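K.L.:
Have a look; sequence and predicted model below, questions after that.
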Amino acid sequence: MSKGQRLWLIDGSYFYKAAYNSMRDHQLDYVKLRNKVEETGSIWRAYYLNSTTPELEGFFRWLQMAPPSGPKIIVKTYGIRSGDVGSCWCKKCNKLVTPSCPVCSGYNLSQERQKGVDVGLATLALTLMDHYETLLLSSGDSDLLDVAEYLCHRGKGFELLVFRNGVAPELQSRADHIHWIDDFLDDVKRERNGNSRTT
């Protein structure tokens with residue numbers, strides 16, 4: 001194991017939403033992003049975890065291609081969990097309300113969520129621990145806090161590669177270093193053109 005070697009784990013759903021909110025008229029270019037990050041140290045291996053959908057299959061294949069064609073990121077896909085939307089709390093009046101569709105005034109709403117990604121991220125971080133010195137995490141989910149703390153107690157470095165929006169403060173406070181993508185957006189963006197390679 002070479003000194004400073006990092007394992008990069010990407011929560012695809014987080015990255016997509018955060019990039020959309022931060023970049024709007026542009027898309028994230030994963031080749032440019034990997035090259036930019038490797039200016040600060042080598043990446044031993046990179047994983048991208050997300051729910052699988054047929055329209056993303058081409059993007060997933062491209063992610064796995066080696067340079068110069070692609071960013072050489074291993075892809076792990078998971079299913080989607082669908083469930084009914086029941087009652088929820090209103091932040092303004094602090095009451096339990098039932099959401100309804102404004103188009104048909106119906107109450108039979110459902111919501112799709114990725115399943116297994118957080119467990120997959122934690123499993124990779126822990127089972128590959130002997131092969132890297134620093135975990136480079138692209139996720140904002142505080143559910144991964146226990147993994148980060150365990151790794152830190154075992155002498156591993158912990159870094160975040162994230163956008164400023166949607167990152168739990170608990171993760172921020174544990175990070176040895178935070179690479180804020182917002183600070184180098186011009187170096188890692190591509191104009192929106194419908195190219196699935198920059199999703």
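P.N.:
Received the coordinates, thanks. Residues are numbered from 1 along each chain as shown.
K.L.:
Look at the nearest residue to Tyr47 once chain neighbours are set aside and say how many residues are nearby.
P.N.:
Closest residue to Tyr47 apart from its sequence neighbours, by C-beta to C-beta, 6 or more residues apart in numbering: Ile74 at 4.9 Å. Any C-beta I mention is one placed from the backbone N, CA and C, and that applies to glycine too. When neighbours are counted by other C-beta atoms under 10 Å, Ile74 registers 13.
K.L.:
shouldn't Ile74 be in contact with Leu49?
P.N.:
No - checked against C-beta atoms under 8 Å, the pair Ile74 and Leu49 is beyond contact range at 9.3 Å.
K.L.:
Could you point out the helix or strand that follows the lowest-mean-pLDDT helix or strand in the chain?
P.N.:
Least confident helix or strand of the chain, by mean pLDDT, DSSP states H and E, is strand 110-114 with a mean of 50. Later in the chain than strand 110-114, the nearest helix or strand by DSSP states H and E is helix 117-127.
K.L.:
Pull out the buried residues from that following helix.
P.N.:
Neighbour counts over helix 117-127 (16 or more other C-beta atoms under 10 Å) mark Val117, Asp118, Gly120, Leu121, Ala122, Leu124, Ala125 as buried.
K.L.:
Same question for stretch 28-35.
P.N.:
Buried residues in stretch 28-35 (16+ other C-beta under 10 Å): Leu28, Asp29, Tyr30, Val31, Lys32, Leu33, Arg34.
K.L.:
try stretch 168-179
P.N.:
Leu171, Arg174, Ala175, His179.
K.L.:
Shouldn't Glu160 be within a helix?
P.N.:
No, residue 160 isn't Glu; it's Leu. No - with DSSP: H, G, I helix; E, B strand; the rest coil as the criterion, Leu160 is located in strand rather than a helix.
K.L.:
And for it, the neighbour number?
P.N.:
22.
K.L.:
Check the gap between Gln5 and Leu160 for me.
P.N.:
Distance of Gln5 to Leu160, computed by C-beta to C-beta, to the nearest Å: 17 Å.
K.L.:
can you check Ser139 too?
P.N.:
Distance from Ser139 to Leu160, by C-beta to C-beta: 8 Å.
K.L.:
Common neighbours of those two, please.
P.N.:
Contact criterion C-beta atoms under 8 Å, 6 or more residues apart in numbering; residues shared by Ser139 and Leu160: Leu171.
K.L.:
just to revisit the earlier point, tell me the pLDDT at the residue nearest to Tyr47?
P.N.:
pLDDT recorded at Ile74 is 98.
K.L.:
With Asn108 instead?
P.N.:
Looking at Asn108, the pLDDT reads 61.
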